[in-house]
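S.K.: kindly generate the corresponding structure for this input.
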Amino acid sequence: MVDWNPIAKKFREADAILIGASNGLSITEGLHLFADNAAFDELFGDFKQKYGLRCILQGMMAGWPSEEERWAFWARLIHHYCGQYRPTPVMNDLKAIVGEKDYFVVTSNGEGHFELCGFDPTKIYEIEGNWFTMQCARPCHDTLYSSLEVAEKLSAAEQGCHVPTELVPRCPKCGGSMDIHMGAGQRMIPDTAAQARFQNFLKTYHGKKLVVLELGIGWRNQLIKAPMMRLVASEPNATYVTLNLGEIYITDNIKEKSFGLDGRLDELLPARPGGVRGITYLRYFPDIDKTSSCSSIILRRGGLLSIV
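M.R.: Numbering: from 1, shown residues only. Below you'll find the model as predicted:
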């Protein structure tokens with residue numbers, strides 16, 4: 001049984017909460033970009049048979065034979081995971097944990113579920129883009145356009161992994177192809193406005209009691225996890241809380257103000273202290289394997305656990 005009291009105390013005392021989220025949160029909600037599983041077969045079985053796709057990410061990065069086929073894939077993906085999305089218990093629990101406190105979300109997830117669950121879009125920075133917007137594929141200009149309504153129309157009109165040519169979106173300025181913002185790769189237009197809002201949040205809470213809550217991020221992640229740990233190291237009043245399945249990673253220089261919880265997010269996140277079943281509460285692990293390249297702790301499921 002988890003002793004939530006030390007963690008709950010940090011959240012109660014916090015001036016603000018910074019949430020970092022990656023693929024582990026999406027997987028908890030049933031969206032697995034890398035999996036060739038039953039959910040993928042149910043949604044994209046015809047694409048799998050016709051084009052040999054083995055996961056959603058492969059479809060997102062594919063060089064499609066035509067624009068009609070490319071947009072058929074994206075439209076179905078967006079319709080299913082965005083247009084038909086309903087808030088999941090894990091996201092509702094996350095909202096309850098945040099409560100009335102100020103917050104900011106930094107995520108590499110592009111499906112927009114934070115916004116769809118009622119998180120303020122002005123307090124979200126999707127660092128790798130999102131499925132809600134599209135851009136000129138070249139790009140000839142840096143404006144982002146809404147893609148949700150377009151995707152819904154395309155999804156309704158799709159037949160046999162194709163959408164009608166006349167419905168394929170075109171750049172309103174150059175007439176060229178459009179890309180989903182997250183699928184634009186190196187041509188992706190940066191969201192400078194969200195970047196600026198995030199920096200302003202960090203300035204506002206510099207030196208104050210900030211809880212950094214990290215959800216479903218593996219130890220190799222350099223986009224969110226590494227900067228978050230550096231931030232905690234530089235902020236004397238910050239607390240680091242990381243939740244992940246099978247692996248907890250905390251650098252030595254922040255170990256004394258960190259909490260690691262190994263388990264499923266939908267089991268760990270319920271906002272009621274003491275209401276989590278069967279997950280070990282971790283604070284610091286002095287006997288865990290340490291890497292030679294950096295001062296750090298890597299904890300994997302089945303390894304040595306210290307119970308506080």
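S.K.: C-alpha from now on. contacts and neighbour counts both.
M.R.: OK.
S.K.: right, and residue 188 touches residue 182 too?
M.R.: Yes. Residue 188 lies in contact with residue 182 (CA atoms under 8 Å); the separation is 7.1 Å.
S.K.: more neighbours, the two?
M.R.: More crowded of residue 188 and residue 182, by other CA atoms under 10 Å: residue 182, with 24 against 21.
S.K.: who's in contact with the more buried one?
M.R.: Counting by CA atoms under 8 Å, 6 or more residues apart in numbering, residue 182 makes contact with 110, 128, 129, 130, 131, 188.
S.K.: residue 111 too?
M.R.: 78, 81, 82, 130, 131, 132.
S.K.: between residue 188 and residue 182, which contacts overlap?
M.R.: Joint contacts of residue 188 and residue 182 (CA under 8 Å, 6+ apart) are residue 129.
S.K.: how about the residue in the chain sticking out farthest from the centre, phi and psi?
M.R.: For the chain, the residue at maximal distance from the C-alpha centroid (CA atoms, centre = their mean) is residue 166, at 33.4 Å. Main-chain dihedrals, residue 166, degrees, to the nearest 10: phi -70, psi -10.
S.K.: measure it to residue 172 for me?
M.R.: Taking CA to CA, to the nearest Å as the measure, residue 166 falls 14 Å from residue 172.
S.K.: do residue 234 as well
M.R.: 45 Å.
S.K.: and residue 26, how many residues sit next to it?
M.R.: Residues near residue 26, counting by other CA under 10 Å: 18.
S.K.: can I get the CA coordinates of whichever strand or helix holds it in PDB?
M.R.: Assigned by DSSP states H and E, residue 26 belongs to helix 23-28. This file holds the C-alpha atoms of helix 23-28, laid out as PDB (Å, rounded to 0.1, in the frame of the first residue of the first chain):
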ATOM      1  CA  ASN A  23       3.800   8.000 -24.400                       C
ATOM      2  CA  GLY A  24       3.100   6.100 -21.100                       C
ATOM      3  CA  LEU A  25       0.000   8.300 -20.500                       C
ATOM      4  CA  SER A  26      -1.300   7.700 -24.000                       C
ATOM      5  CA  ILE A  27      -0.900   3.900 -23.500                       C
ATOM      6  CA  THR A  28      -2.800   4.100 -20.200                       C
END
